[in-house]
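Trainee: Structure for this input, please:
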Amino acid sequence: GYFFYPLVASSGCNVNNGGCQHLCITRYGGHYQCKCREGYRLADDGQLCEEVNPCQENNGGCQHKCVADNGRPVCRCYTGYSLSRDGRSCEDIDECAVNNAECLQACINTAGSYVCACTPGHQLGVDGKSCY
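Mentor: Sure, this is the predicted structure:
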């Protein structure tokens with residue numbers, strides 16, 4: 001939305017955009033109001049515009065990470081997760097589903113990651129993937 005400051009009387013919007021950083025709206029009797037573009041709010045001085053951080057409230061609606069992009073929230077996921085169709089929630093990636101996550105024997109999917117395992121009688125190597 002847009003935020004308005006009380007009406008100001010002066011030479012109006014014709015001179016230096018009324019001192020407004022974004023938009024100057026001419027009103028009755030030579031008065032005007034400064035207005036900010038979407039994603040911004042009017043500063044206390046009634047002329048400058050401050051970017052609104054959409055991630056400050058409720059993490060921008062994002063499950064994991066929120067990044068502000070021109071006043072809009074953009075959701076990102078932690079490593080091992082992918083963004084769901086809703087653009088806000090994150091789903092675990094099953095790393096074991098692709099080439100067994102390069103585990104030599106068994107692959108166990110975990111939340112946001114995976115663990116390689118070996119069959120009985122074998123030990124997991126220092127690389128975390130090989131079995132001996």
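Trainee: Could you tell me whether residue 60 really is in a helix?
Mentor: Yes - remark: residue 60 belongs to a helix, assigned using DSSP: H, G, I helix; E, B strand; the rest coil.
Trainee: show me the residues around the spatially closest residue to it that is not a sequence neighbour that make contact.
Mentor: Nearest residue to residue 60, sequence neighbours excluded (Cβ to Cβ, 6 or more residues apart in numbering): residue 73, at 2.9 Å. (Glycine included, C-beta is placed from N, CA and C.) Taking Cβ atoms under 8 Å, 6 or more residues apart in numbering, we find residue 73 in contact with 54, 55, 60, 61, 62, 66, 67.
Trainee: 6 Å instead?
Mentor: Counting by Cβ atoms under 6 Å, 6 or more residues apart in numbering, residue 73 touches 54, 55, 60, 66.
Trainee: a strand runs through it, doesn't it?
Mentor: Yes - the assignment for residue 73 (three-state DSSP) places it in a strand.
Trainee: From residue 67, how far out is it?
Mentor: Distance, residue 73 to residue 67, using Cβ to Cβ, to the nearest Å: 8 Å.
Trainee: what's the burial count for the residue nearest to residue 63 when sequence neighbours are not counted?
Mentor: The shortest distance from residue 63 to any non-neighbouring residue, by Cβ to Cβ, 6+ apart, is to residue 89 (4.5 Å). Neighbours of residue 89 under the rule other Cβ atoms under 10 Å: 15.
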